[in-house]
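Trainee: sharing a model that was predicted from the sequence below.
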Amino acid sequence: MSYLAALLEEKNIHISFVSSIAASSEDDQIIEQLHELKTLQTTVFIVHLPLSLASRLFLIAKRLGMISKGYVWIVTSKSMNHFNSRSDSATIIESMQGVIGFRSYIPATNELHNFTSRFRRKFYGDQAPDETQ
């Protein structure tokens with residue numbers, strides 16, 4: 001997050017409060033943290049968390065009415081790149097209506113295809129998955 005904070009500061013965007021949520025946090029600890037942020041009248045949140053924690057955060061924030069008008073949530077690629085991999089992603093995405101997220105994008109090029117082919121041959125050998133997937 002410090003890299004992102006430095007970039008924002010370069011653009012004259014000041015961060016007034018940084019909050020951390022431990023990966024081992026229970027839901028009641030996340031609720032307590034969100035209540036504290038509400039009392040500080042924080043309305044813009046940048047979420048840079050692992051997917052497992054971010055998904056819980058958004059489900060709880062939705063229950064607390066913090067995914068609504070007046071709040072802005074920005075999610076970094078650390079969370080967004082993996083949302084579709086979860087079996088409960090539809091429920092999580094529903095709780096994130098109005099959230100802005102950034103995902104990594106790697107265009108499909110010949111170089112990428114060649115790299116992927118070499119990678120699969122090297123690490124999978126004859127057991128390589130079908131390249132059309």
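Mentor: Arrived safely.
Trainee: pull out the buried positions in the lowest-mean-pLDDT helix or strand in the chain.
Mentor: Of all helical and strand segments in the chain, the minimum by mean pLDDT, DSSP states H and E falls on helix 89-95, at a mean of 74. By neighbour count on 16 or more other C-beta atoms under 10 Å, the buried set for helix 89-95 is 92-93, 95. For glycine as for every other residue, the C-beta is placed from the backbone atoms N, C-alpha and C.
Trainee: could you dump the residues you listed into CSV with distance to Ser55 added?
Mentor: Formatted as CSV, the buried residues of helix 89-95 follow (distance: C-beta to C-beta, whole Å):
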residue, distance to Ser55
Ile92, 5
Ile93, 10
Ser95, 8
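Trainee: circling back: next SSE after the least confident helix or strand of the chain?
Mentor: With elements assigned by DSSP states H and E, the helix or strand that comes after helix 89-95 is strand 100-101.
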